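Asker: I'll drop the sequence and a predicted model, then ask my questions.
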Amino acid sequence: MIKRSKRYKSSTEKFSSATSLSLEEAVQVLSSFDKAKFDETVELSVSLGVDPKQSSQAVRGTVNLPHGSGKNVRVLVFTQNPEEALSSGADFAGLEDLVQKVKDGWFEFDVALSTTTAMKEVRSVARVLGPRGLMPTPKAGTVTDDLDTAIKAVKAGRVEFKMDKTGAMAVVVGKRSFSNDQLIENTNAALQAVKDSKPEGYKGKFIKSVHVSSTMSPGVALSASLHN
């Protein structure tokens with residue numbers, strides 16, 4: 001049995017978990033919850049109707065949050081020209097040396113980018129990076145030869161999302177310190193990006209449910225009208 005904190009229990013008393021709200025109402029409820037002693041991350045949690053066992057129904061994508069994610073993103077770039085990446089704002093850059101560090105269990109970064117030519121070496125750590133959601137892929141825009149644009153986009157608030165084995169996903173949309181308007185705009189952008197990631201030809205109900213929550217709070221359900 002999960003033991004809930006007094007803060008969590010206090011938050012649940014401020015709304016009915018059975019009620020679905022507009023985004024504006026949900027963010028207002030979220031802002032009324034007791035805050036933790038740190039700046040909590042706010043996420044959009046989405047339950048999808050696709051079959052996660054079907055590769056043709058895999059869902060992943062990226063979204064450029066209008067107000068950023070509020071997180072200091074550590075960017076690693078696999079490249080044969082590390083000086084270029086570092087001058088564009090990358091925190092770590094290299095190729096054989098970084099591949100070896102990853103093989104040795106080093107993961108002190110949040111996003112990994114790669115040039116197209118470097119992918120030959122990067123594939124050797126795919127089994128390590130993949131399960132952690134760190135493997136560069138063209139679909140996510142993390143395999144690119146325009147490193148300057150990619151690094152700046154990630155640093156500015158581009159967030160990647162990916163469906164898990166249960167057909168669910170979580171998208172970071174900001175911090176509790178953000179204003180309600182900032183969270184609303186970021187969440188709208190994230191929700192639209194999820195909708196746009198619907199697999200081509202999928203005929204069923206794509207989005208089953210959507211909640212917004214912070215690190216230490218319960219989830220607040222969004223109205224079904226926002227799913228379509």
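Answerer: Structure's in. What do you need?
Asker: domain parsing of the protein, as residue ranges.
Answerer: 6-69+159-226, 75-155 (automatic domain parsing).
Asker: mean pLDDT lowest where, among those domains?
Answerer: Of all those, the minimum mean pLDDT falls on domain 6-69+159-226 (a mean of 89).
Asker: now the domains of the chain as CSV including mean neighbour count?
Answerer: C-beta here means a position set from N, CA and C on the backbone, and glycine is covered the same way. Converted to CSV, these look like this (neighbours: other CB atoms under 10 Å):
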stretch, mean neighbour count
domain 6-69+159-226, 17
domain 75-155, 17
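Asker: which ones are touching residue 162?
Answerer: Residue 162 is in contact with 59-60, 133, 140, 169, counting by CB atoms under 8 Å, 6 or more residues apart in numbering.
Asker: residue 223 against residue 21, yeah?
Answerer: Yes. Between residue 223 and residue 21 there is a contact at 6.2 Å, judged by CB atoms under 8 Å.
Asker: returning to what we had before: would you turn the contacts of residue 162 into CSV with distance to residue 116 and secondary structure?
Answerer: Formatted as CSV, the contacts of residue 162 follow (distance: CB to CB, whole Å; DSSP: H, G, I helix; E, B strand; the rest coil):
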residue, distance to residue 116, secondary structure
59, 24, coil
60, 19, strand
133, 21, coil
140, 14, coil
169, 27, strand
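Asker: Serialize these to a markdown table and add fields for distance to residue 156.
Answerer: What follows is the contacts of residue 162, written out as a markdown table (distance: CB to CB, whole Å):
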| residue | distance to residue 156 |
| --- | --- |
| 59 | 24 |
| 60 | 20 |
| 133 | 20 |
| 140 | 16 |
| 169 | 22 |
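Asker: how distant is the longest helix along the chain from the center of its chain?
Answerer: Longest helix in the chain, counting residues (DSSP state H): helix 180-196. Relative to its parent chain, helix 180-196 has a centroid offset of 12 Å by CA atoms, centre = their mean, to the nearest Å.
Asker: name the residues that touch it?
Answerer: Counting by CB under 8 Å, 6+ apart, 23-24, 27-28, 30-31, 42, 44, 46, 59, 61-67, 159, 161, 169, 171, 173-174, 178, 206-207, 210, 212, 226 sit against helix 180-196.
Asker: what's residue 168 sitting at in phi/psi?
Answerer: phi -120, psi 160 (degrees, to the nearest 10).
Asker: list the contacts for it?
Answerer: Neighbouring residues of residue 168 by CB under 8 Å, 6+ apart: 45-48.
Asker: cutoff 10 Å now
Answerer: 45-48, 52, 208-209 (CB atoms under 10 Å, 6 or more residues apart in numbering).
Asker: filter those down to just the ones in strands.
Answerer: Judged by DSSP state E, these include 45-48, 208-209 as members of strands.
Asker: how about those in a markdown table, adding distance to residue 90?
Answerer: Converted to a markdown table, the ones in strands among the contacts of residue 168 look like this (distance: CB to CB, whole Å):
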| residue | distance to residue 90 |
| --- | --- |
| 45 | 30 |
| 46 | 30 |
| 47 | 35 |
| 48 | 33 |
| 208 | 38 |
| 209 | 37 |
